[in-house]
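Engineer: what would the 3D arrangement of this be:
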Amino acid sequence: MVDQTHRRVLEGDDPPVRTGNRQTRRWLIGSAAAASGVVALAACGQATSEAPKGGTTGTGPKGTVHFWQWGVVYNDGFETLIKDFQAKANGITIEFTPAASGVNYWDKLTAAMAGDVGPDVFLMNTNARTWATKGLMRPLDDLIKKDKAADQANQAIIKSFRDWYDVNGKQTGWGWDYSTIVTAFNVAHLKEAGLKLPSELGDKWDWNTFREYAQKLNRPAANRWGVHANPGYEAGWLNFVRANGGDYFSDDRKKCILGSAQVIEAIEFVSGLVTRDKVSPTRAEVSAVTGTQVQMFINGQISIGTFGDWSMVDFIKKGGSGLDWDAAPIPFKNGKTGSSANFRGMVINPQTKVLEASFEWLKFALSKPVQDRVPLLFNEVPARLDSAQEVYLNPEKAGPPKGRTSLKPSLLATKALPALDKVPPAEFHNISNPLINDVWDAKISAKEAMTKAQEQINVLIQQAGT
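Structural biologist: Here you go, the predicted structure:
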């Protein structure tokens, strides 16, 4: 499994953000029009070495495919897969330079694309819809239509993943992996209190039980809280909102609906664990601990919390044998859980000169044998549902925690992180995040905060168009 210290993507929204960006291959120092002023000198592909479009010759498509991705912690996994791909000796070479921290992936990629020297294939995330709307991601429909095996692989991924990359009726991205949001709990604390493990409760692990457990596990005198009520949207409140039937945007992404009754009820419930019940640390108390809520859980200062599954590696490596923990879905509401994912997909640059070769790399990445290796190589959920169910949910194949087996409802409930087609995520999160923080700090009611957020974000949408 990979070390998750710098796993999270630099997106410019939900703090705290852990960055992991990669260097360009060769740098051209000059007066680039892009803001970074530094452009990767890695021209898309090598047109002269690829077979004619359609790849119908006996030798098939050939050429050098330049591949970029942002994560330092993904380096070893991708290098392993690239080595296996090239061992096939099919005439396609993947040029990949390991990621390095300190380089803003999105600034670099924007500059390279503007200079027509971007990669042929690159990893995409929650920025997908704005990038696709700008024409920076080549639609894949024609490639999928003429390739039966590719179509079958594409149909094997969860529907919400395909829907995410469907922009104006065209599929602009290819399934790779995503994350699950879970409830992590200290097994020793629960056993001490005589409480049944959440992973054994099914949908009886609901909001009422969550709150009841928090109250029973709270130990103020011992500097220990029953739960951590996470004010972040990705691993925190948004998952409760979705379990409650609410969301950030309408299904057609034409309006913000944060002021709905379902959203307000969920925000009141989660924030109330801090402001009303006093069973969760305040934001200030969490910030005072190095490593924030993850370190507090490892220290035994929090009995239960909601975390992205990327934190599992920290629990295992940093907690060691001294931390007895397990995982379950986000608490259910009326039989429904929630899980919000950054759907990481591979996309093809419209400027590529090695289209068919690039698609061969995508097909390899979504093949069942490769997807089966995603949990151990990347500590992520495979985009393919069959691989996710057979491997990710199986602790004998994917490793701890034992409670992985309880996470199937989380996978099936997974929805993409909030996004609009013409407004970057950072712009609307810059409105909602401070208001959420004010709710957690008891400066404003959930109803007032969410109503304000909805009004202000809808102004952004009206100004940008849909």
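
Engineer: what's the average pLDDT for stretch 66-86?
Structural biologist: For stretch 66-86, the mean per-residue pLDDT is 95.

Engineer: check which residues of that stretch are buried.
Structural biologist: 66-75, 77-78, 81-82, 85 (16 or more other Cβ atoms under 10 Å). Bear in mind the C-beta positions are built from the backbone N, C-alpha and C, glycine included.

Engineer: what distance do you get for Asp166 to Phe249?
Structural biologist: 15 Å (Cβ to Cβ, to the nearest Å).

Engineer: same question for Asp76.
Structural biologist: With Cβ to Cβ as the criterion, Asp76 and Phe249 are 36 Å apart.

Engineer: same check on Ile264?
Structural biologist: For Ile264 relative to Phe249 (Cβ to Cβ), the value is 16 Å.

Engineer: who has more neighbours out of those two?
Structural biologist: Comparing Ile264 with Phe249 by other Cβ atoms under 10 Å, the one with more neighbours is Ile264, at 21 against 18.

Engineer: sketch out the low-pLDDT regions of the stretch 1-150 of the chain for me.
Structural biologist: 1-59 (pLDDT under 70).

Engineer: which parts of it are strands?
Structural biologist: Using DSSP state E, counting those that start in this stretch, the strands of the stretch 1-150 of the chain run over 27-29, 38-40, 63-68, 92-95, 121-124.

Engineer: now those strands in CSV, with distance to Ala284?
Structural biologist: Formatted as CSV, the strands of the stretch 1-150 of the chain follow (distance: least, Cβ to Cβ, whole Å):
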stretch, distance to Ala284
strand 27-29, 42
strand 38-40, 39
strand 63-68, 39
strand 92-95, 47
strand 121-124, 36
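
Engineer: closest to Met450 out of these?
Structural biologist: strand 121-124 (29.4 Å; Cβ to Cβ).

Engineer: tell me the centre residue of this protein?
Structural biologist: Asn342 (2.5 Å; Cα atoms, centre = their mean).

Engineer: for the stretch 301-450 of the chain, just list every one of the helices.
Structural biologist: 311-319, 355-365, 368-371, 374-378, 385-387, 395-398, 408-413, 425-440, 446-464 (DSSP state H, counting those that start in this stretch).

Engineer: ok, of those, where does mean pLDDT dip lowest?
Structural biologist: Among the helices of the stretch 301-450 of the chain, helix 311-319 scores lowest, at a mean of 93.

Engineer: now do that one: which elements does it pack against?
Structural biologist: Applying 3 or more Cβ pairs under 8 Å, 6 or more residues apart in numbering; DSSP states H and E, we find helix 311-319 packed against strand 181-186, helix 292-299, strand 325-328.

Engineer: Throw the ones you listed into CSV and include mean pLDDT and distance to Ala112, thanks.
Structural biologist: Output for those, formatted as CSV (pLDDT from 0 to 100; distance: least, Cβ to Cβ, whole Å):
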stretch, mean pLDDT, distance to Ala112
strand 181-186, 98, 32
helix 292-299, 92, 34
strand 325-328, 98, 39
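
Engineer: need the winner for burial among those.
Structural biologist: strand 181-186 (a mean of 26; mean count of other Cβ atoms under 10 Å).

Engineer: now for that strand, which elements pack on it?
Structural biologist: So strand 181-186, by 3+ Cβ pairs under 8 Å, 6+ apart, packs with strand 302-308, helix 311-319, strand 325-328, strand 339-341.

Engineer: out of the ones you listed, which is closest to Pro400?
Structural biologist: helix 311-319 (6.3 Å).

Engineer: that closest one: how far from the chain's middle?
Structural biologist: Relative to its parent chain, helix 311-319 has a centroid offset of 18 Å by Cα atoms, centre = their mean, to the nearest Å.

Engineer: ok, Val381 - contacts?
Structural biologist: Going by Cβ atoms under 8 Å, 6 or more residues apart in numbering, Val381 touches Asp177, Tyr178, Ser179, Thr180, Asp309, Ala341, Val374, Pro375, Ala388, Tyr392, Leu411.

Engineer: can you say which two of these are spatially most distant?
Structural biologist: Ala341 and Pro375 (14.7 Å).

Engineer: for whichever helix or strand Val227 is part of, buried residues please.
Structural biologist: If you go by DSSP states H and E, Val227 is part of strand 225-228. By 16+ other Cβ under 10 Å, the buried positions in strand 225-228 come out as Trp225, Gly226, Val227, His228.

Engineer: and the furthest pair within these?
Structural biologist: Applying Cβ to Cβ across those, the maximum distance is between Gly226 and His228, 9.0 Å.

Engineer: can you check which residues contact both of the two?
Structural biologist: Joint contacts of Gly226 and His228 (Cβ under 8 Å, 6+ apart) are Ser280, Ile304.

Engineer: ok, Leu362 touching Asp120?
Structural biologist: No - counting by Cβ atoms under 8 Å, Leu362 does not reach Asp120; the two are 10.4 Å apart.

Engineer: those two: who's more crowded?
Structural biologist: Asp120 (29 against 25).

Engineer: the residue nearest to the more buried one when sequence neighbours are not counted and Met137, how far apart?
Structural biologist: Spatial nearest neighbour of Asp120, excluding adjacent residues (Cβ to Cβ, 6 or more residues apart in numbering): Thr352 at 4.2 Å. From Thr352 over to Met137 the distance is 11 Å, taken as Cβ to Cβ.

Engineer: what does Lys216 give?
Structural biologist: Lys216 is 49 Å from Met137, by Cβ to Cβ.

Engineer: which one's more surrounded, the two?
Structural biologist: Set Lys216 next to Met137 and count neighbours by other Cβ under 10 Å: Met137 wins out with 25 against 16.

Engineer: how about the contacts made by that one?
Structural biologist: Met124, Ala128, Trp131, Val167, Thr172, Gly173, Val347, Ile348, Asn349, Pro350 are the contacts of Met137 under Cβ under 8 Å, 6+ apart.
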